[in-house]
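**Q** requesting a structural model of the entry that follows:
(one chain, ligands or ions: 2)
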Amino acid sequence: MDTDWQALKSELEKLIGTDVPARNRSGPRRVVAVDDEGVWLSRRGKPQPKPVPRRDLLWAWTSGGSKQRSFSVTLIRAVLAARPPRPHEPPPQTTVTVTVFERSNAVRVAVRHRAAGRCEVCRKRAPFETADHVPFLEVHHLTWLADGGLDTVENAVAACPNCHRELHLGASSKTLTEKARRALGRKLAAQSHA
Ligand SMILES: [Zn+2]
Ligand SMILES: [Zn+2]
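**A** Ligands and ions are numbered 1, 2, ... in the order given. Modelled structure (predicted):
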């Protein structure tokens, strides 16, 4: 996780001095500093900066988002929006829209169960077991919820951390997503005929 944090931290540092919108009406937060505790934000009229903890930021970076950690999601989206555009792609929107989705625990449980300890993208075994002896795989939505994808087992794969990161950030993430979608289609078809 530490190398993850170093990578994310350097991305977050690019936001220092910028304003990030808040979901509620409390006004934008100015990113004032990034250190190993997390990101420090101040808002107008409140001189004392408050931190968004590193743990929440890492969580949002690797797995999407949740209501409780909404501001970490906001910051991660700001990081992604600040990246230089890829050639032949439209530049990122300058406003950061934050939509936070509730994700069903039942879907995550069912997808991990279906994966049976193997990444549904690269087919390798989960890299480690968690403290409760469950193979560690992350659940990824093939069509992102932000793009109107459904939170269903047909739109989700269990992925190892490498594949999951590549699905989000890789140069060939679109190809990899389509590959994962076809593999999932075959798997679901085989299950329905079993
Ligand atoms: Zn994998
Ligand atoms: Zn994902």
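
**Q** residues of this structure that sit close to ligand 1?
**A** Residues of the chain found near ligand 1 (CB under 5 Å from the ion) are Cys119, Val121, Cys122, Cys160, Cys163. C-beta here means a position set from N, CA and C on the backbone, and glycine is covered the same way.

**Q** burial count for the second one?
**A** The tally of other residues near Val121 (other CB atoms under 10 Å) stands at 24.

**Q** checking it next. Helix, strand or coil?
**A** coil (DSSP: H, G, I helix; E, B strand; the rest coil).

**Q** any idea how far Thr177 is from it?
**A** 9 Å (CB to CB, to the nearest Å).

**Q** if we can go back for a sec, which of the residues of the chain next to ligand 1 are buried? Put it as a ChimeraX command.
**A** Entered in ChimeraX, the line below selects the buried ones among those, by 16 or more other CB atoms under 10 Å:
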select :119,121,160,163
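
**Q** which residues do Val121 and Thr177 both contact?
**A** Common neighbours of Val121 and Thr177 (criterion: CB atoms under 8 Å, 6 or more residues apart in numbering): Leu167.

**Q** so the residue nearest to Ala33 when sequence neighbours are not counted bridges to which residues?
**A** Nearest residue to Ala33, sequence neighbours excluded (CB to CB, 6 or more residues apart in numbering): Trp40, at 4.3 Å. Beta bridges link Trp40 to Ala33, Pro51, judged by DSSP bridges.

**Q** I'd guessed Trp40 sits against Gln48; true?
**A** No - in terms of CB atoms under 8 Å, Trp40 does not count as a neighbour of Gln48; the distance is 9.7 Å.

**Q** sweet, I'm off.
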